[in-house]
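Novice: here are the coordinates; sequence isn't available:
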């Protein structure tokens, strides 16, 4: 079945450091790919998305590129802030793939220290 | 524009009790979803509704029932709660994609504890 694998963390960085959170996927078709962020006690918020190969999603300084050849969608940010501390989820969705819901990775807890 | 709202925010049940989690969206979305989130497991799909009047099972439907009351509302019912259903439950909604899966918008969640 479809699956998403991401580094689980916690990942601890200093403020202004460069961030990479790896995400790879297995899918039987051509998925849409998403990054969601969850702050403590809250629901998930869409951070960025990409719907086809080589698309780059970007938002709030975060970027991720849909790499079909490596089945990856790694999240990057050039300079993190304390306010970026949260749990990040990579997810995929395939149209007509049965449940039509999203398949999520287990989440990466990011901690940014001042 | 409230987005996706869920009630209640917190609930404690005893084993065997029943309850209904309520979800409503004001974005005129056709599709709605229920997920559960457990530590170290990510989110898993319980049920979804592609449009008003239709519902389908997701990855973990056992022990749950759903009702798509109208286009706005999608409820999740636990008929006889079990400790294994202790979790955080999220409702989500989306527009229907044209051959692609569109982003989903999530509610704030319901934290359920079954003792």
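Specialist: It's in. Since we're looking at a predicted model, the values are computed, not measured. Numbers count the residues shown, from 1 in each chain, chains lettered A, B, ... in the order given.
Novice: Can you name the residue of chain A nearest to chain B?
Specialist: Closest contact between chain A and chain B, by C-beta to the nearest C-beta, is at residue A:93 (3.0 Å). Where C-beta positions appear, they are placed from N, C-alpha and C, glycine not excepted.
Novice: Close to chain B: what parts of chain A are there?
Specialist: A:4, A:8, A:31-32, A:34, A:36, A:42-46, A:49, A:51, A:89, A:91, A:93-95, A:99-102, A:104-107 (C-beta under 8 Å from any C-beta of the partner chain).
Novice: Need the buried ones from those residues selected in PyMOL.
Specialist: In PyMOL, this line selects whichever of these come out buried by 16 or more other C-beta atoms under 10 Å in any protein chain shown:
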select buried, chain A and resi 4+31+32+34+36+43+44+46+49+51+89+91+93+94+95+99+100+101+102+104+105+106+107
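Novice: Could you pick out which of the residues of chain A next to chain B are located in strands?
Specialist: Members of those lying in strands (criterion: DSSP state E): A:4, A:32, A:34, A:36, A:44, A:45, A:46, A:49, A:89, A:91, A:93, A:104.
Novice: Just the closest of those to residue A:58, please.
Specialist: Distances from residue A:58 to those, taken as C-beta to C-beta, are shortest for residue A:49 (10.0 Å).
Novice: Show me what that closest one is bridged to.
Specialist: Going by DSSP bridges, residue A:49 is paired in beta bridges with residue A:34.
Novice: any idea what sits nearest residue A:101, other than its immediate chain neighbours?
Specialist: Spatial nearest neighbour of residue A:101, excluding adjacent residues (C-beta to C-beta, 6 or more residues apart in numbering or on different chains): residue B:45 at 3.7 Å.
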